[in-house]
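Undergrad: Please work out how this folds:
(one chain, ligands or ions: 2)
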Amino acid sequence: MEYVDLLNCMRCGMCLPHCPTYKETFLETASPRGRVALVRKVQDGELEVNEQLLEYLTLCLDCQACLSACPCGVNAGELVAEFKCEEKGKGGLSFMEELVLRKLVPHPERLERAMIPLRLYQKTGLQKLVRSLGLLKMFPPALGRMEGLLPRLPAKPLRKTLLEVTPAKGEEKGTVGFFLGCVMSLIFSEASHATVELLSSLGYRVITPKAQKCCGAPNMLGSDLKGLQELATFNVELFSGYDLEFIVTDCGGCGAELKKYGHHLPENGAAGSFSNKVRDISEVLALHADDLKGKLKPLSRRVTWHDSCHIAHAQGIRWQPRTLLNLIPGLDVRELNEADACCGSGGTYNIAQPEMSDLVLQRKVNNILATGAEYLVTANPGCLLQLKKALSETTPRVKVLHLTELLSESLAAGLRPVSLRLKTEG
Ligand code: SF4
Ligand code: SF4
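TA: Residues are numbered from 1 along each chain as shown. Ligands and ions are numbered 1, 2, ... in the order given. Okay, here's the model as predicted:
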């Protein structure tokens with residue numbers, strides 16, 4: 001964290017109406033301006049780090065809506081996250097953090113094995129029983145919330161079934177790398193399968209290096225900068241071995257983290273080149289809007305788009321997904337009020353800060369319902385999990401989809417849907 005970033009805040013307050021935690025509390029300590037002031041006081045030696053201070057800072061969702069609103073480019077969310085990393089660096093990781101962030105997250109095969117009991121829990125019908133009998137109330141609160149977020153898992157993680165090289169369909173126009181996020185592979189495999197199909201149908205040869213590891217976003221959430229740097233170093237070296245036009249991801253959280261590898265590894269020149277090549281799938285598809293337009297078939301649906309914080313605020317991507325949705329003939333695209341406001345997911349924020357997360361989520365759900373849309377479309381796994389759960393409980397008629405699932409459905413309208421193709425290929 002640079003001290004000068006703290007000085008850039010001129011205390012104008014323009015960020016306040018955009019900060020989800022301020023909107024719910026109207027407290028200065030829960031605002032970007034207040035958080036920057038608190039960190040500055042610590043840096044100036046006027047305030048000691050204590051539990052109360054950490055509580056104020058931990059309430060920040062790191063949604064970075066403040067960055068989009070600030071005329072001085074102050075990123076209060078990132079300042080808070082980096083401050084917490086510095087503090088964690090002094091005390092070290094707890095046993096549990098060490099176990100999850102260093103022993104589990106960096107090892108895709110261990111993550112995959114950890115999902116087997118969950119798959120059995122669903123396959124044997126135990127989950128249905130637990131939910132129908134209301135037994136979740138008897139779980140410890142954090143575990144109960146985690147269980148509640150768990151959607152239907154795919155039969156296999158996509159990492160196991162996706163080819164390392166997917167050939168281009170038709171004339172080859174270039175080669176791209178695909179960064180397959182852990183949650184996308186383990187939970188939203190249909191969406192990532194659709195992503196690779198879309199790239200291939202546009203003439204890209206798609207390389208998905210099987211050895212790739214987590215992007216490191218969970219480490220950043222756990223204030224574990226060292227763990228993040230180790231993962232970043234590995235991924236940079238791996239992808240540098242290929243000649244790639246872009247490194248594409250369909251996970252907003254991964255994209256935001258991968259684009260910061262140059263910042264996290266300032267001494268590693270290859271990290272900057274890696275980050276410069278990273279693109280969200282919507283950025284690549286939007287480059288081929290004319291080509292796509294000729295391929296997409298009509299879908300008669302009412303949809304609305306939720307801007308994930310990691311995509312809109314952290315990566316500045318806004319018009320591309322909207323352009324893509326408007327390419328689908330027959331689609332009734334309705335703009336969502338406060339479309340770029342956080343949904344309250346925040347990685348593990350919805351588990352760690354359930355009360356604030358629920359308040360922020362309720363506001364998002366009310367706005368979604370006001371559009372009258374039948375489909376909520378977004379492109380970040382955290383938002384997909386959070387909104388799938390909330391809408392299935394309150395308004396099951398509203399389905400939640402990843403952008404590439406909808407585009408792929410339109411591309412293949414009249415053919416077998418992606419879900420069926422994936423089951424037979426898996
Ligand atoms: S963070 Fe930016 S918008 Fe907020 S008070 Fe400071 S200068 Fe103003
Ligand atoms: S990152 Fe989000 S929650 Fe945190 S201060 Fe900025 S706007 Fe508020």
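
Undergrad: where along the protein do the strands fall?
TA: Secondary structure of the chain (DSSP state E): strands located at 165-166, 174-178, 204-207, 246-249, 278-280, 302-305, 332-334, 375-378, 399-402.

Undergrad: quick one: low-confidence ranges for the stretch 301-426 of the chain?
TA: 414-426 (pLDDT under 70).

Undergrad: Relative to ligand 1, which residue of it is the closest?
TA: His313 (13.4 Å; Cβ to the nearest ligand atom). C-beta coordinates here come from the backbone N, C-alpha and C atoms, glycine included.

Undergrad: Got phi/psi on that residue?
TA: phi -80, psi -50 (degrees, to the nearest 10).

Undergrad: what sits against it?
TA: Taking Cβ atoms under 8 Å, 6 or more residues apart in numbering, we find His313 in contact with Cys63, Gln64, Ala65, Leu67, Ser68, Asp340.

Undergrad: With Arg205 instead?
TA: Arg205 sits next to Val165, Thr166, Pro167, Ala168, Glu172, Gly174, Thr175, Val176 when contact means Cβ under 8 Å, 6+ apart.

Undergrad: that older thread, can you pick the most crowded of the contacts of His313?
TA: Counting neighbours by other Cβ atoms under 10 Å, Cys63 comes out on top of the contacts of His313 with 28 neighbours.

Undergrad: And that one, how close does it get to ligand 2?
TA: From Cys63 across to ligand 2, the span is 4 Å (Cβ to the nearest ligand atom, to the nearest Å).

Undergrad: wait, that residue sits on Gly347?
TA: No. Between Cys63 and Gly347 there is no contact under Cβ atoms under 8 Å: 10.5 Å.

Undergrad: Can you show me the helices along the stretch 301-426 of the chain?
TA: Applying DSSP state H, counting those that start in this stretch to the stretch 301-426 of the chain gives helices spanning 309-312, 319-327, 349-352, 354-371, 381-394, 403-411, 418-425.

Undergrad: what does the stretch 1-150 of the chain put close to ligand 1?
TA: Proximity of the stretch 1-150 of the chain to ligand 1, by Cβ under 6 Å from any ligand atom, involves residues 9-15, 32-33, 36, 66, 69-70, 72, 74, 76.

Undergrad: which residue does the stretch 201-350 of the chain bring closest to ligand 2?
TA: Cys342 (6.5 Å).

Undergrad: pretty sure that residue is in contact with Leu61, am I right?
TA: Yes. Using Cβ under 8 Å, Cys342 is in contact with Leu61, at 5.3 Å.

Undergrad: Which one's more surrounded, these two?
TA: Neighbour comparison, Cys342 and Leu61: the larger count goes to Cys342, with 30 against 24 (by other Cβ under 10 Å).

Undergrad: Which residue of this protein lies farthest from its centroid?
TA: The C-alpha centroid of the chain is most remote from Glu46, which lies 36.2 Å away (Cα atoms, centre = their mean).

Undergrad: Break this protein into its domains for me.
TA: Here the domain parsing of the chain from automatic domain parsing is 3-91, 116-149, 158-285, 294-411.

Undergrad: Between those, which one is closest to Leu101.
TA: Leu101 lies closest, by Cβ to Cβ, to one member of the domains of the chain: domain 158-285, at 4.8 Å.
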